[in-house]
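Colleague: Quick one, structure for this:
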Amino acid sequence: MSGVGAWIRYGDPVSPEQVRFAAKHYRAAILQPWETGAARELKRLRPDMTVLAYKCLSSVRSYEPGPVYSSGVSFAEAEAAAVALDDDDDGGGWFATRPDGARIEWERYPGHWQMKVWEPGYQRRWVENVLAEFHGSPFDGVLADNDVFDDYYGLNLPIPGAASMGVLRTALGDLVNAAGTALNSVGKILVPNIAESRRETGRWAAHSAYGGGFEEVWLGYGPEHLFDPATAEAQLPQAAGPGLSILRVPTDGNDQHPNFLYGLSAFWIFGEGRGAYSATAHDDYSRTQHAPELDWQLGAPRSGPQGRGHTWWREFDGGFAAVNFNRDGRRRRKVRIPAGMVDDAGRPAPSSCILPPQRGVLFRRSG
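Modeller: A predicted model of the protein is given here:
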């Protein structure tokens, strides 16, 4: 058995039991780069699974002992560069600094230090290190985190070298291009965590051109903070690629949370089951999130997405999905369900259902 799930798993150490479960239920996995044993076992059990290693584009972590790091450049390398480049105007080397020369530690993430992502030397070293680490690795490629759009970590621009977030966005685009080109040249892929691509035309397509893209806040920022219909629908093209689209919807950590099916329904309607899907709590990346519907294969679509008033539905050879993006409690929508469908318990589906706002449903075809 294998479904459309994405195993976002860069928290606590991975257990053998989790690896065996993941091989049965997930299409893609994101692990810490030192979890090479788990990556190798996943590829043995499921050669078709895409297994990615986490790497941060924008920071180094001073708490990691090594010799493998979750950043493309280690803290020790950045320290050495700071000494070698101490004739810089700001004296920070590759570390981003305040106007007074102090290094910038991320808010809410102790031990994470912002790097000068616009510095050519930093970009070259990031690409060289990652290319060397993953050439011949059991991983299929890299999940490049913190391809940021806004100031999420208290940088409080302007700072020396970066007058605005536009400087960081442009630099990260250059780094993604360089790293993606290099990794593709040795048969590996790059999948950036592309923040808020809906706000910049072409951003998702450009940054996912080297193997795919990861949207960590698909359809909402939090379990009680889902997007309005226009914002949600602006994200929907991400489900169709290019490459492997990994889409995560926020929940409170309970796999029975209604957001699980809300996002999964949209994933099928607009992505036709391509890519990989996850629903988790914030930074809850140490478990094996799962719902029975994640294993369903609805098959080929029988039509394009059908919609009215921010409610959408689609029939497939093996099932049916519907979703209501409205968030006003009065905007319940009646959806007709094709004949021959059953629910997750095998019970016949009704001929129609009333879909509340920000909810989704999935049914399988009987037999």
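Colleague: is it true that residue 313 touches residue 302?
Modeller: No: contact criterion Cβ atoms under 8 Å: residue 313 and residue 302 do not qualify, at 11.4 Å. The C-beta positions use only the backbone N, C-alpha and C, and glycine is treated the same way.
Colleague: Show me which of these two is the more surrounded one.
Modeller: A side-by-side neighbour count of residue 313 and residue 302, using other Cβ atoms under 10 Å, places residue 313 first with 24 against 11.
Colleague: can you pull the contacts of that one?
Modeller: Applying Cβ atoms under 8 Å, 6 or more residues apart in numbering to residue 313 gives the contacts 269, 305, 306, 307, 320, 321, 322, 323, 335.
Colleague: cool, and residue 57?
Modeller: By Cβ under 8 Å, 6+ apart, the neighbours of residue 57 are 72, 117, 126, 144, 145, 146, 147, 172, 175, 176, 192.
Colleague: And for residue 230?
Modeller: The neighbours of residue 230, taking Cβ under 8 Å, 6+ apart as the test, come to nothing; the list is empty.
Colleague: From the centroid of this protein, which residue is nearest?
Modeller: The structure's the chain has its C-alpha centroid closest to residue 214; by Cα atoms, centre = their mean the separation is 2.9 Å.
Colleague: what pLDDT does the closest residue to residue 293 other than its chain neighbours get?
Modeller: Taking Cβ to Cβ, 6 or more residues apart in numbering, and ignoring the residues beside it in sequence, residue 293 has residue 362 as its nearest neighbour in space, at 5.0 Å. Confidence per residue is given as pLDDT, and for residue 362 that number is 97.
Colleague: And the strands in the stretch 251-367 of the chain?
Modeller: Using DSSP state E, counting those that start in this stretch, the strands of the stretch 251-367 of the chain run over 276-280, 306-308, 311-316, 319-324, 333-336, 341-342, 352-355, 359-365.
Colleague: Alpha carbons only: can I get the longest one in CSV?
Modeller: Output for strand 359-365, consisting of C-alpha atoms alone and laid out as CSV, is shown next (Å, rounded to 0.1, in the frame of the first residue of the first chain):
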residue,chain,number,x,y,z
ARG,A,359,-14.3,21.8,4.6
GLY,A,360,-13.6,19.0,2.1
VAL,A,361,-14.9,15.5,1.4
LEU,A,362,-13.5,12.5,-0.4
PHE,A,363,-15.3,9.3,-1.5
ARG,A,364,-14.1,6.2,-3.2
ARG,A,365,-15.9,4.3,-6.0
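Colleague: Packing partners of that strand?
Modeller: Helices and strands in packing contact with strand 359-365 are listed as helix 258-271, strand 319-324, strand 341-342; criterion 3 or more Cβ pairs under 8 Å, 6 or more residues apart in numbering; DSSP states H and E.
Colleague: Note down every partner strand of it and its orientation.
Modeller: Using DSSP bridges, the strands paired with strand 359-365 in its sheet are strand 319-324 (antiparallel), strand 341-342 (antiparallel).
Colleague: same thing with the second one?
Modeller: Strands that pair with strand 306-308, judged by DSSP bridges, come out as strand 311-316 (antiparallel).
Colleague: now do the fifth one
Modeller: With DSSP bridges as the test, strand 333-336 is paired with strand 352-355 (antiparallel).
Colleague: got the buried residues for the strand it pairs with?
Modeller: Judged by neighbour count (16 or more other Cβ atoms under 10 Å), strand 352-355 contains these buried residues: 353, 355.
Colleague: mean confidence for it?
Modeller: 95.
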